[in-house]
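Asks: After the sequence you'll find the predicted model.
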Amino acid sequence: MQLWEGVTLAMTQLRAQKLKSFFALLGVMIGVMFLLVVVSVVEGMDRYIREDFSSQIFGINTVRLRRSPEISFSSDPEYWRTQRRRPRITYDDAEAVRRRLSVPARIGVESGSSDPVVGDNGRTVTNVRVMGVSPEIFQIRNWAIERGRAFTPQEADRGTPVIVLGWGTADQLFGGSNPLERTVRIRGFPYRVIGVMEPLGSFFGESLDNLVVAPARSAVQAFLNPRGVVDQVVVQTLDPSTLRETQAEIEGIMRARRGLRPTEENDFALETTEETLSFWDRISTVLFIALPGLVAIALVTGGIVIMNIMLVSVMERTREIGVRKALGARRQDILTQVLIESASLSGMGALIGIALGIALTVILSATTPLPASVAPRWITLAMLLGVGVGIAAGVYPAARAARLDPVEALRYE
């Protein structure tokens, strides 16, 4: 009964003093709302980058052999001069890895650039990701074909001028008509369309479907890289547990090919998906470390306001407290009553903040490229934080009310 009475009194105070109550709850509302929105966006981005983006861009369980790291934050000019002096990765490197690697794996090569693509109907699509790959890349990156087929190993070895269009490029070039057996040109080189990929989606608003894929040894090699050179060799282990073993074997193969002494550093880069995404790990870690501090500022501010409101409330009800004590109410009863009121006020602010946080998260997810969804555990945490702030803020007013002398309280005007 005491719990329900405390909640009822808190709601009565909200209705009677709407503006004052609104400012009392504002800090808690903002803190809880901020917590839900930021955590939901960061978690959504983390899930998308690790699951969807990494599988489509890097491939799952892959080791990539490159001339230099794919992502680097170094601003040292000497570092970049050293990277440019490194030998390029070649088809011969890929073949050496294929012959000597003892771990079961798929091995492919790929190179890429950005170029316009022209259809046989005169339409042009600009800024298309043009990729020259070996057939294994379709499996490594899990690219599915919606219409037609991928090119065969025989076509790849001969450098046959065939091409597979990304879903977005096919739609922009040919609209609703069938693109198969049509001709597209890249830098003047004609290619016969033999397939269209299933949609890959987008990454932060950037379409992943605006691409074309041709055999690495076809005419695209003339402008992607010098003859015999590739951007990277991609090795996908068939057993995820052998990924580190595969990486170590490839390192040994390449060091032997380059004639590097034990004291010399690698003049090539070996990266796994986890290592490439380490930059995102740093960013997300900073966000999750900074988040509690930012939320705490809003909650502490809200707690101070609620404490002041409760002190005013205790002062206004001094005679009422005196009457209760005169009728036999114990200190514990008064203390519990005020704490329940304070927690109810703060809890109401948390509920409003949760509703606003969920609404903002839904709006962000629907209107921006940011992936976001509210996990139930964060809603529970937000509610517990809100109620906890109310209890903490009510301790001093409750203790002050409990210590009131009933005789003095009854005399209070």
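Replies: The structure has been received and is ready for your questions. Quantities reported herein were computed from a predicted structural model and do not represent experimental measurements.
Asks: what does the domain assignment say about the chain?
Replies: Domain assignment for the chain, taken from automatic domain parsing, gives 2-52+280-411, 87-267.
Asks: With R64 as the reference, name the closest of those domains.
Replies: R64 lies closest, by Cβ to Cβ, to one member of the domains of the chain: domain 87-267, at 5.0 Å. In short, each C-beta sits where N, CA and C put it, glycine included.
Asks: And that closest one, end to end?
Replies: 7 Å (Cα to Cα, to the nearest Å).
Asks: Now it: average pLDDT?
Replies: Across domain 87-267, the average pLDDT comes to 91.
Asks: just to revisit the earlier point, out of the domains of the chain, the one nearest E78 is which?
Replies: Checking the domains of the chain against E78 by Cβ to Cβ gives domain 87-267 as the closest, at 13.8 Å.
Asks: now that closest one, how far from the centre of its chain.
Replies: 26 Å (Cα atoms, centre = their mean, to the nearest Å).
Asks: Report the next helix or strand after the strand or helix carrying A350 in sequence order.
Replies: In the assignment (DSSP states H and E), A350 maps to helix 331-367. Past helix 331-367, further along toward the C-terminus, the next helix or strand under DSSP H and E is helix 376-402.
Asks: now the longest helix along the chain and helix 376-402, what's the angle there?
Replies: For the chain, the longest helix by residue count, based on DSSP state H, is helix 278-316. Taking axes from the mean of the first three to the mean of the last three Cα atoms, to 10 degrees, one finds helix 278-316 and helix 376-402 inclined to each other by 30 degrees.
Asks: list the helices and strands the very next helix or strand once past helix 278-316 packs on?
Replies: Along the chain past helix 278-316, the next helix or strand (assigned with DSSP H and E) turns out to be helix 318-326. Using 3 or more Cβ pairs under 8 Å, 6 or more residues apart in numbering; DSSP states H and E as the contact test, the elements touching helix 318-326 are helix 331-367, helix 406-411.
Asks: buried stuff in the longest helix of the chain?
Replies: Residues of helix 278-316 classed as buried: 280, 284, 287, 295, 298-299, 301-303, 305-307, 309-311, 313-314 (neighbour count, 16 or more other Cβ atoms under 10 Å).
Asks: Next, the buried residues of the helix holding A350.
Replies: Those would be 334-354, 356-358, 360-361, 364-365, for helix 331-367 by 16+ other Cβ under 10 Å.
Asks: With stretch 174-190 instead?
Replies: Within stretch 174-190, the residues scored as buried using 16+ other Cβ under 10 Å are F174, P179, L180, R182, V184, I186.
Asks: Can you give me the end-to-end span of it?
Replies: Terminal residues of stretch 174-190 are spaced 16 Å apart (Cα to Cα).
Asks: Now do that stretch: everything it contacts.
Replies: 115-121, 123, 130, 147-148, 161, 163, 165, 170, 173, 191-196, 212, 214, 218-220, 222-223 (Cβ atoms under 8 Å, 6 or more residues apart in numbering).
Asks: So the nearest residue to S346 once chain neighbours are set aside versus R330, what's the distance?
Replies: Leaving aside its sequence neighbours, S346 sits nearest to G390 (Cβ to Cβ, 6 or more residues apart in numbering; 2.6 Å). According to Cβ to Cβ, to the nearest Å, G390 and R330 sit 22 Å apart.
Asks: Out of those two, name the residue with the larger neighbour count.
Replies: G390 (29 against 11; other Cβ atoms under 10 Å).
Asks: just to revisit the earlier point, now the helices and strands packed on helix 318-326 as CSV including mean pLDDT and distance to R324?
Replies: Shown next, in CSV, are these (pLDDT from 0 to 100; distance: least, Cβ to Cβ, whole Å):
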stretch, mean pLDDT, distance to R324
helix 331-367, 81, 7
helix 406-411, 63, 8
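Asks: Same list (the ones you listed) but as TSV, adding distance to A256.
Replies: Below are those laid out as TSV (distance: least, Cβ to Cβ, whole Å):
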stretch	distance to A256
helix 331-367	50
helix 406-411	89
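Asks: did I read that right, R129 in a strand?
Replies: Yes: with DSSP: H, G, I helix; E, B strand; the rest coil as the criterion, R129 is part of a strand.
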